[in-house]
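Chemist: Dropping a prediction and its sequence here:
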Amino acid sequence: MLYLALVALLVASALGDIQPQFYSFSPPVGSGSGTAYSLTGEGRITAVRLWEHYSNYVRGIQFRYNYAWSPVVGQKSGVAVEIELFEDEAIVQISGKYAHYVQTVVFTTNKGRTLSAGQPAGLSFNMYPSHSQAELRFISGRVHGSLTSIGAHWAVVQTNSTAVH
């Protein structure tokens, strides 16, 4: 687990716009079967798309970084839900429930808005950054058709308005 966190920190640092001293990691929850994934991109997360298996578990997930959509992790099947973030909005919490699959996931923003998919069954989880100014930067975990685990990587993203001169 420590190895995974160190690798994640190296990846986060390599993304360039992250201040490593404000990085934190919420370890993955779920059964963890299947293939490892890391859903990353350049810039800030500006939108999230989720697919759920008809009022059951989370089938797939996709982030938009600035104006470019990431590849889909999992499957683009079932019911799709989406949230587009405002310019000064960021994801500051991920919560939900898990069993074999990620049963439900809720993304919460610093503006109090939420995006939810799936059904609340299984064990609960709640992820948030260690630093009060940090936001969700990327997720990682495992997928076996659908998401079997999810972990969160948080950081203070340096933008032109937050750069230290």
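Modeler: Thanks, I have the structure now.
Chemist: so who does the closest residue in space to Pro71 that isn't next to it in sequence touch?
Modeler: Nearest residue to Pro71, sequence neighbours excluded (C-beta to C-beta, 6 or more residues apart in numbering): Gln62, at 7.4 Å. Using the backbone N, CA and C atoms, a C-beta is placed for each residue, glycine as well. Residues in contact with Gln62 (C-beta atoms under 8 Å, 6 or more residues apart in numbering) are Leu39, Val48, Arg49, Trp69, Ser70, Pro71, Val72, Val73, Lys76.
Chemist: What about the second one, how many residues nearby?
Modeler: Which is Val48. A count of nearby residues for Val48, using other C-beta atoms under 10 Å, gives 21.
Chemist: Report whether the expected contact of Tyr57 with Val105 is present.
Modeler: No - contact criterion C-beta atoms under 8 Å: Tyr57 and Val105 do not qualify, at 9.5 Å.
Chemist: Next, give phi and psi for the residue nearest to Pro71.
Modeler: Dihedral pair for Gln62: phi -150, psi 140, per degrees, to the nearest 10.
Chemist: ok so, going back, may I see the ChimeraX selection of the buried members of the contacts of Gln62?
Modeler: A single ChimeraX command selects the buried members of the contacts of Gln62 (16 or more other C-beta atoms under 10 Å):
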select :39,48,49,70,73
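Chemist: ok so, going back, find the residues that touch each one of Tyr57 and Val105.
Modeler: Contacts common to Tyr57 and Val105, judged by C-beta under 8 Å, 6+ apart, are Gly118.
Chemist: sec struct for the residue nearest the centre of the chain, please.
Modeler: Note on the chain: the residue nearest the mean C-alpha position is Ile139, at 4.0 Å, using C-alpha atoms, centre = their mean. Three-state assignment for Ile139 (DSSP: H, G, I helix; E, B strand; the rest coil): strand.
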